[in-house]
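K.L.:
Output the structure for:
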Amino acid sequence: MPSYANRYISSLTRETYALILAGGRGSRLHELTNWRAKPAVYFGGKHRIIDFPLSNCINSGIRRVGIATQYKSHSLIRHVNRAWGHFKKELGESVEILPASQRYGEEWYCGTADAVFQNMDIIRHELPKYVMILSGDHVYRMDYGGLLAKHVETGADMTVCCIEVPCEEAAETFGVMTVDEEKRVRRFDEKPIIPSSIPGRPGTCLASMGNYIFNTEFLFEQLKKDAENEGSGRDFGHDIIPAIIEEHNVFAFPFREPGHDGQPYWRDVGTLDSFWEANMELVMPEPQLDLYDPTWPIWTYQEQLPPAKFIFDNDDRRGMAVDSTVSGGCIISGSVVRKSLLFSNVHIRSYCVIEESVILPGAIIQRNCRIRRAIIDRGCEVPAGVEIGFDRKADEENGFRVSKKGIVLVTREMLTELSKKLERQERESKQLA
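P.N.:
A predicted model of the protein is given here:
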């Protein structure tokens, strides 16, 4: 029989509506988000980033979810409809797309707070006691039940979910909270140069994860006030939180994994380097993010695909993958893949060596290619004989983007331009001959 605590938390989750903010462009991912919003970016071999907060909601028992979309949302909407469209409204569960639709004026979503404000009528129709606002940009696993219980037990008007990080890591990157010994928020600084430390924990600060819980009516009151303030940036971190901490009960909730003393897994994969690093962590023998844990599955849309296939076993032509993750539909034909992550339907032709790379769905690598420390975007066809990741100058001359840490991003548009360049060079060489 379920314990009282479990019944208590399940009661809270039934009274909660979750709104995932998924309209972000993710400009620091450069061409990787040219045609998709950041929450729709692929991650982990089968998933999209949006699958993580959605799975956290469902696994936590929160089954009324809205997704606020805006920037280049077609890929995101298509994925959500395919993967999450099976919920039954008549059973009190739903995952709904809430596109920017100018419900309260002539403007599109102007900030995180405005995205919620413009959907107040939809939220009110659900009659929730609590509203959970979640960022759709981060990769992590979290049971929101404990967060909800703490929000109610402290008598909070608003609770800010946060993670403990070194001050130097948070500087100019995250919103940072100054709290008292009871975790009540006394100050909120958006991306400060010198973050304030946790009491008794010098060098460590509380950084906002962009996840909040509000009592519903309190949230609506603050959103209306903010909407009437012409000088507001319509943002929770910049405007709402600093405006309410003096007169209202705002508490911080440090995110911790049960049974673990260290820092929980949480990644903001907002740059090419962090995106590559987070995917590379998954090919480790025991990654901190365990996608194989059946007790907390990360749900997604999956095509019906054949198993991955490795063919040819000659000394100079052997299809093999070592310390790698290879998804369904992949064919590795007489090539070697090391410490790499391959998404669905990747085909690698013979005599290639792929190392420490992230290959997104449907990519084709033609013969005799050498690729190292690269991100190959969806649907790319890399021409035969191309080397990527060995010579920064050559990669840049070929039109590829190279990150600060030397990670090479390759997209279809870049390969099209490279093909045109090679054709011009070939014509010119023939004319000279």
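K.L.:
Next one, pLDDT for Pro128 please.
P.N.:
What the model reports for Pro128 is a pLDDT of 96.
K.L.:
going forward, begin numbering at 18 instead of 1
P.N.:
From this message on, residue numbering opens at 18, which makes the last subject Pro145.
K.L.:
From Thr233, how far out is it?
P.N.:
With the distance defined as CB to CB, to the nearest Å, Pro145 ends up 6 Å from Thr233. (Each C-beta comes from the backbone N, C-alpha and C, glycine too.)
K.L.:
Which residues are in contact with each of the two?
P.N.:
Tyr34 (CB atoms under 8 Å, 6 or more residues apart in numbering).
K.L.:
By mean pLDDT, point me to the weakest helix or strand of the chain.
P.N.:
helix 21-31 (a mean of 71; mean pLDDT, DSSP states H and E).
K.L.:
Lys242 falls within a strand, correct?
P.N.:
No: under DSSP: H, G, I helix; E, B strand; the rest coil, Lys242 falls outside any strand and is assigned helix.
K.L.:
thought Ile328 was touching Cys347?
P.N.:
No: between Ile328 and Cys347 no contact is recorded; they are 11.3 Å apart, counting by CB atoms under 8 Å.
K.L.:
Stretch 302-311: which residues count as buried?
P.N.:
Under the neighbour-count criterion of 16 or more other CB atoms under 10 Å, stretch 302-311 has Pro304, Leu306 buried.
K.L.:
same deal with stretch 96-112?
P.N.:
The neighbour-count check on stretch 96-112 (16+ other CB under 10 Å) flags His96, Val97, Ala100, Trp101, Ser111, Val112 as buried.
K.L.:
Just put those in JSON lines and tack on secondary structure, pLDDT and distance to Val193.
P.N.:
As requested, those are arranged in JSON lines below (DSSP: H, G, I helix; E, B strand; the rest coil; pLDDT from 0 to 100; distance: CB to CB, whole Å):
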{"residue": "His96", "secondary structure": "helix", "pLDDT": "95", "distance to Val193": "33"}
{"residue": "Val97", "secondary structure": "helix", "pLDDT": "95", "distance to Val193": "32"}
{"residue": "Ala100", "secondary structure": "helix", "pLDDT": "94", "distance to Val193": "34"}
{"residue": "Trp101", "secondary structure": "helix", "pLDDT": "94", "distance to Val193": "33"}
{"residue": "Ser111", "secondary structure": "strand", "pLDDT": "91", "distance to Val193": "35"}
{"residue": "Val112", "secondary structure": "strand", "pLDDT": "94", "distance to Val193": "32"}
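K.L.:
OK, contacts around the nearest residue to Gly172 once chain neighbours are set aside?
P.N.:
By the measure of CB to CB, 6 or more residues apart in numbering, the closest residue to Gly172 outside its immediate chain neighbours is Asn266, 5.9 Å from it. Taking CB under 8 Å, 6+ apart as the contact definition, Asn266 lies against Thr171, Gly172, Ala173, Asp174, Met175, Arg201.
K.L.:
Which single one of those is nearest to Glu443?
P.N.:
Comparing those against Glu443 with CB to CB picks out Met175 as the nearest, at 63.0 Å.
K.L.:
So which residues of the stretch 168-317 of the chain form helices?
P.N.:
In chain order, the stretch 168-317 of the chain shows helices spanning 184-187, 233-245, 258-261, 289-298, with DSSP state H, counting those that start in this stretch as the criterion.
K.L.:
Could you provide those in a markdown table, with additional columns for mean pLDDT?
P.N.:
Putting the helices of the stretch 168-317 of the chain into a markdown table (pLDDT from 0 to 100) gives the following:
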| stretch | mean pLDDT |
| --- | --- |
| helix 184-187 | 91 |
| helix 233-245 | 95 |
| helix 258-261 | 94 |
| helix 289-298 | 97 |
